[in-house]
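# Fold the stuff below for me.
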Amino acid sequence: MQRRRFIQAGVAAAGGLALAACDDSESPGASSATGSPAKRAQHDGRRWVMPEEGDPHRRTWMAFGAAEGIWGAKMLPVVRQNLASIAQAIGRFEPVSMLVRAEEMDVARGLIGGGNVELIAAPLDDLWMRDTGPVFVKGESARAAVDFNFNGWGGKQEHGRDAKVAEFVAGRAGAEVLHTGLVLEGGGIEVDGQGTGIITESCVLNRNRNPGWSKADVEAELKYLLGLKKIIWLPGIAGEDITDGHTDFYARFAKPGVVVAGLDTDPDSYDHDVTLKHLEILRSATDVHGTPLQVEVIEGPTLVRPEYEEEKDFAAGYINFYVCNGGVIAPEFGDDEADSAAKATLERLFPDREVVQLNIDGIAAGGGGIHCTTQQEPS
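A predicted model of the protein is given here:
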């Protein structure tokens with residue numbers, strides 16, 4: 001269950017940013033957390049909630065942003081085809097808005113071919129809309145989009161254009177932009193829509209994103225921004241992949257009270273012990289209502305297609321699926337037994353949705369998955 005490390009070309013100098021997670025003992029209310037939305041909430045009185053992914057969507061946002069400088073000439077066409085396949089699969093269930101560089105609009109049209117996919121010209125660095133795009137939230141009489149200050153996963157990749165994607169998407173969606181001092185990618189947070197969240201410490205409590213922030217600071221911020229009342233903290237692992245261990249490769253809510261968790265069965269993988277620890281935490285955790293979580297496990301494949309066997313960053317895990325209106329878009333890796341088992345579990349957990357499995361080997365070779373390329377806009 002590897003994920004992308006530091007995609008060779010296009011990686012920015014980290015500028016001395018440390019990869020180690022911050023010590024939780026750092027004082028709450030540090031200067032970087034001052035003046036936050038959590039403080040402003042005392043004055044404006046507004047409260048926001050991030051809906052669960054399975055709630056109805058208005059659309060899905062994606063980015064046709066693969067670039068040769070990052071992906072290389074060999075992988076670029078494969079990754080673009082993967083993006084087109086994902087967009088077309090989601091388009092069967094709901095509208096898709098795909099950002100595309102103006103100079104690549106003809107390429108995108110040729111691969112995607114219209115249908116339920118809208119192409120929108122926009123500057124881009126890469127394709128990871130889950131991390132660069134805004135997180136949409138809903139209030140009593142309004143909706144908004146949180147800009148979580150994408151910084152290239154802690155300064156690991158060029159991101160000047162992608163840092164502006166959240167505000168651009170919010171503008172196209174007609175949503176108010178909520179600003180924050182917190183740096184957080186969408187792939188780093190999983191919610192049940194009722195006040196429970198799952199977050200990895202390795203990502204959020206990391207000096208390369210939020211120096212000086214404590215758990216208490218983060219929880220106060222997310223209480224206001226996303227309506228979270230209880231956060232289940234998983235340790236994750238920092239410095240092994242470019243995201244520093246995003247939640248959406250470890251644990252996902254199938255619905256409130258039910259969590260799908262990944263298990264890396266390879267004892268030589270850096271994620272093996274981490275996923276075992278995560279299962280231990282999740283199985284002893286309760287949600288915001290005090291109800292123990294039902295934890296469903298999906299093991300990763302033991303085989304991938306031969307041409308990707310030597311890809312050290314190949315993201316061979318099933319947890320990075322995407323839930324859309326009437327569908328669940330999930331990966332398959334050419335391991336018939338594991339692919340079938342993963343699909344069967346998802347069909348059992350999502351009985352009212354069609355489970356569609358796709359070959360996304362190009363994106364997986366870059367260490368990502370389907371969920372990483374998407375961002376839902378709730379109805």
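# For the rest of this, base every contact and every neighbour count on C-alpha atoms.
OK.
# where does G115 land on pLDDT?
Looking at G115, its pLDDT is 85.
# Can you show me the helices along the stretch 1-150 of the chain?
Ranges of helices in the stretch 1-150 of the chain, per DSSP state H, counting those that start in this stretch, are 37-44, 68-91, 105-112, 129-132.
# Of these, which stretch is the most buried?
helix 129-132 (a mean of 30; mean count of other CA atoms under 10 Å).
# before we move on, back to that, of all the helices of the stretch 1-150 of the chain, which one comes closest to S340?
helix 68-91 (18.7 Å; CA to CA).
# need the helices of the stretch 1-150 of the chain in a markdown table with distance to E311, can you?
Converted to a markdown table, the helices of the stretch 1-150 of the chain look like this (distance: least, CA to CA, whole Å):
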| stretch | distance to E311 |
| --- | --- |
| helix 37-44 | 42 |
| helix 68-91 | 12 |
| helix 105-112 | 26 |
| helix 129-132 | 23 |
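# can you put these in CSV and add mean pLDDT and distance to V218?
What follows is these, written out as CSV (pLDDT from 0 to 100; distance: least, CA to CA, whole Å):
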stretch, mean pLDDT, distance to V218
helix 37-44, 58, 9
helix 68-91, 97, 32
helix 105-112, 97, 39
helix 129-132, 98, 18
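# Quick one: closest of these to T291.
When the helices of the stretch 1-150 of the chain are ranked by proximity to T291 (CA to CA), helix 37-44 comes first, at 26.9 Å.
# follow-up on the earlier one: out of the helices of the stretch 1-150 of the chain, which gets nearest to V328?
Across the helices of the stretch 1-150 of the chain, V328 has its closest neighbour in helix 68-91 (8.6 Å, CA to CA).
# related to what we said a few turns ago, which of the helices of the stretch 1-150 of the chain sits closest to E307?
helix 68-91 (11.9 Å).
# how far off helix 105-112 does the closest one point, in degrees?
Put simply, helix 68-91 runs at 40 degrees to helix 105-112, going by axes from the mean of the first three to the mean of the last three CA atoms, to 10 degrees.
# Low-confidence stretches in the chain?
1-44 (pLDDT under 70).
# And the helices of the stretch 1-150 of the chain: which comes nearest G212?
Per CA to CA, nearest to G212 of the helices of the stretch 1-150 of the chain: helix 37-44, 16.0 Å.
# what comes into contact with stretch 273-285?
232, 234-237, 250, 261-264, 267, 292-295 (CA atoms under 8 Å, 6 or more residues apart in numbering).
# With stretch 55-70 instead?
7-11, 76, 79-80, 83, 87, 90, 94-101, 108, 124-129, 324-325, 373-379.
# and the contacts of stretch 273-285, which two are the farthest apart?
P267 and P292 (28.5 Å).
# More neighbours: those two, which one.
Per other CA atoms under 10 Å, whichever of P267 and P292 has more neighbours is P292, with 15 against 9.
# Distance-wise, check that one relative to K156.
Distance from P292 to K156, counting by CA to CA, to the nearest Å: 37 Å.
# one step back: which ones among the contacts of stretch 55-70 map onto strands?
Cross-referencing those against strands under DSSP state E gives 96-100, 324, 375-378.
# Can you lay out these as a markdown table showing distance to K223?
Below are the ones in strands among the contacts of stretch 55-70 laid out as a markdown table (distance: CA to CA, whole Å):
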| residue | distance to K223 |
| --- | --- |
| V96 | 29 |
| S97 | 29 |
| M98 | 30 |
| L99 | 30 |
| V100 | 34 |
| C324 | 25 |
| Q375 | 21 |
| Q376 | 20 |
| E377 | 20 |
| P378 | 19 |
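# Now flag whichever of those residues is closest to E347.
C324 (13.9 Å).
# can I assume the closest one is in contact with E94?
Yes - counting by CA atoms under 8 Å, E94 is a contact partner of C324 at 7.2 Å.
# neighbour count winner among these two?
Neighbours were counted for C324 and for E94 using other CA under 10 Å; C324 has more, 24 against 20.
# Name whatever forms a beta bridge with the more buried one.
C324 forms beta bridges with G327, as assigned by DSSP bridges.
# got it, and I298?
Judged by DSSP bridges, the bridge partners of I298 are G262.
# next one: R252
Under the criterion used (DSSP bridges), R252 bridges to V260.
# could you measure it against G262, distance?
As judged by CA to CA, R252 and G262 stand 9 Å apart.
# same thing with N320?
The spacing between N320 and G262, counted by CA to CA, is 9 Å.
# where do the contact lists of the two overlap?
Among the neighbours of N320, those also in contact with G262 (CA under 8 Å, 6+ apart) are F249.
# excluding its backbone neighbours, what's nearest H57?
When the adjacent residues along the chain are set aside, H57 lies closest to P378, with 4.1 Å between them (CA to CA, 6 or more residues apart in numbering).
# For burial, what's the neighbour tally of that neighbour?
P378 - counted by other CA under 10 Å - has 20 other residues nearby.
# I'd guessed Q294 sits against A254; true?
No - using CA under 8 Å, Q294 makes no contact with A254, being 9.9 Å away.
# who has more neighbours, those two?
For the pair Q294 and A254, the greater number of neighbours falls to A254 (21 against 18), based on other CA under 10 Å.
# How about M62, nearest residue that isn't a chain neighbour?
Using CA to CA, 6+ apart, the closest residue to M62 is M98 (4.6 Å).
# hmm, back to that, identify the contacts common to R252 and G262.
When CA under 8 Å, 6+ apart defines a contact, the residues bordering R252 and G262 alike are I319.
# Let me see the contact set for S379.
Shown in contact with S379 (CA under 8 Å, 6+ apart): 56-59.
# again, only using 7 Å
56-58 (CA atoms under 7 Å, 6 or more residues apart in numbering).
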